[in-house]
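> one predicted model, sequence on top.
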Amino acid sequence: MKRLLVLLAILSISAGALYLTQRSKRHDTVSPDAVLDATAEIERDLSRAPMHLTRLSDESEIHVGNELAEGYLRAEPALSTEMASVEKYVSKVGDRVAAHAHRQLPYHFHLIAEPNLVNAFALPGGHIFIGLGLLQQMTNEDELACVIGHEIEHIDHYHAAERIQIEAQLRKLDLDEIAALAQIPLELWQAGYSKEQELEADREGLRLAVVAGYSSQGEVNLMSRWIELHREYVIRANTPVDELSQVAIAGLQGYFRSHPLPEERLEQARKVIAEDGLDTTKPLTPLAILSILQTERALPSANRDKAETRSDK
């Protein structure tokens, strides 16, 4: 009788354990092999997954970004008086847009006074660079706000921070060492991100610009112009030298290679505008630096004419 009671007790406990096991999450048995396998799997995931699993602190990200920006700026020539005024204007627009970013980092905006640089890029921690060639493609301040918003979102959504961590892993660099950071080329940041990240930056950058008081029509106008330029200089390969230099065209083609197709970006912008009920009738803000940009665009050909005149004498 005692044995029967013990057997019934064991069966009851087993049944209860089986029931609880089925109701609860699965817990595998931990063995040395299982621990090694799990560790290896984590190592593989960290090498190919987004770095949010080991995300940098804001303080570390700002430190890394400051060191990178200082190194890159040191290699750039001093800005002329005109270009310094352009940078000041870009910073004013940037500060207005960045005030509405989710991550309140110390944002800084820099101009690379290179007419052949048709691009903009962001560094971890808040530094944003805009090429003169990209500014020369704009016609109003709202377009500039959308571009700046796009770059802010690469920082706001940790795209730039994840890139620096992945790059550091691949190069086996210590992000706390200034000398190590100097090995990371500027071109890394101009290469663009994944299609999903670029489209995310477009969506949230548009919303950020609108919250800052700009018209969503700026994004529509800019993407429409990108479609025209893409068709003219990439698809049809027309290169009229009186409009863009060959080097600028190469820069423009590089921009298109590092971003989703402009048709897709325009379609997404219109979808966001419709879903969010954004106002496209809001008046566009004139680009206050437009005359400086137009003058700067005319300078290279004027300088060539002067050089040819001097060589003829």
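Received the coordinates, thanks. Residues are numbered from 1 along each chain as shown.

> what ranges does the stretch 1-150 of the chain have for its strands?
108-112, 120-122, 127-131 (DSSP state E, counting those that start in this stretch).

> hmm, who's touching the second one?
With contact meaning Cβ atoms under 8 Å, 6 or more residues apart in numbering, strand 120-122 is reached by 128-131, 134, 147-148, 150-152, 154-155, 159-160, 189-190. Every residue, glycine included, has its C-beta placed from N, CA and C.

> compare the strands of the stretch 1-150 of the chain and report which one is nearest to Ser224.
When these are compared by Cβ to Cβ, strand 120-122 sits nearest Ser224, at 18.5 Å.

> next, the buried residues of stretch 75-85.
By neighbour count on 16 or more other Cβ atoms under 10 Å, the buried set for stretch 75-85 is 79, 83.

> re the thing from before, can I get the strands of the stretch 1-150 of the chain in a markdown table with mean pLDDT?
Below are the strands of the stretch 1-150 of the chain laid out as a markdown table (pLDDT from 0 to 100):
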| stretch | mean pLDDT |
| --- | --- |
| strand 108-112 | 98 |
| strand 120-122 | 96 |
| strand 127-131 | 97 |
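
> mind putting those strands into TSV with mean neighbour count and distance to Pro262?
TSV is the format used below for these (neighbours: other Cβ atoms under 10 Å; distance: least, Cβ to Cβ, whole Å):
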stretch	mean neighbour count	distance to Pro262
strand 108-112	21	22
strand 120-122	24	15
strand 127-131	25	18
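
> now distance to Gln217 too, for the ones you listed, in JSON lines please.
Formatted as JSON lines, those follow (distance: least, Cβ to Cβ, whole Å):
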{"stretch": "strand 108-112", "distance to Gln217": "23"}
{"stretch": "strand 120-122", "distance to Gln217": "20"}
{"stretch": "strand 127-131", "distance to Gln217": "21"}
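
> Ile227 is nearest to which of those?
Short answer: strand 120-122, nearest of those by Cβ to Cβ, at 18.5 Å.

> partner strands of that closest one, parallel or antiparallel?
Looking at strand 120-122 with DSSP bridges, its partner strands are strand 127-131 (antiparallel).
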